[in-house]
Every structure is written in structure tokens, then in C-alpha cells.
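Asks: Sharing a model that was predicted from the sequence below.
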Amino acid sequence: MHGRIEEIQERYGPEDLVTFFIRQAKSELVAAAERTEKALRLAGIDYTAK
């Protein structure tokens, strides 16, 4: 997940509005991805975001 966030920031650049909001939401985005991966594992689906 962290790599994906970094890729988005690099693509849009440091001053872009998208980068601003990604930085603001980073902890929530990471937490949501971790919760989803945990739920998938509990359901027997072995998946890790790349």
C-alpha cells in the first residue's frame, strides 16, 4: 500500500491537489487496506496488495 501511495504522489507531483489529499488520507487508506487484507485472510483468501 505504501508503494502505491508513493507512486501516486510521484505521478501527480508534490504540489498537485491529488497528492495533498493522498497525504491527508494516508493513515486511513493504509488502515482500510490492512482491514481488507485481514478480512480476506480470515475468509481463507491469501491476498497481499502489491
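Replies: Looks like it came in fine.

Asks: got the buried residues for stretch 33-46?
Replies: 33, 37 (16 or more other Cβ atoms under 10 Å). Using the backbone N, CA and C atoms, a C-beta is placed for each residue, glycine as well.

Asks: And the helices in the chain, which stretches?
Replies: Assigned by DSSP state H, the chain shows helices spanning 2-12, 17-42.

Asks: could these go into TSV alongside mean pLDDT?
Replies: TSV is the format used below for those (pLDDT from 0 to 100):
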stretch	mean pLDDT
helix 2-12	93
helix 17-42	95
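
Asks: and the nearest residue to residue 23 once chain neighbours are set aside, how many neighbours does it have?
Replies: In space, and not counting its chain neighbours, residue 23 is closest to residue 9: 7.4 Å by Cβ to Cβ, 6 or more residues apart in numbering. For residue 9, the neighbour count with other Cβ atoms under 10 Å is 17.

Asks: how much space is there between residue 9 and residue 40?
Replies: According to Cβ to Cβ, to the nearest Å, residue 9 stands 26 Å off from residue 40.

Asks: re the thing from before, these two touch, right, the residue nearest to residue 23 and residue 21?
Replies: No: judged on Cβ atoms under 8 Å, residue 9 makes no contact with residue 21 at a distance of 10.6 Å.

Asks: which ones are touching residue 22?
Replies: Counting by Cβ atoms under 8 Å, 6 or more residues apart in numbering, residue 22 touches 5, 8, 9, 29.
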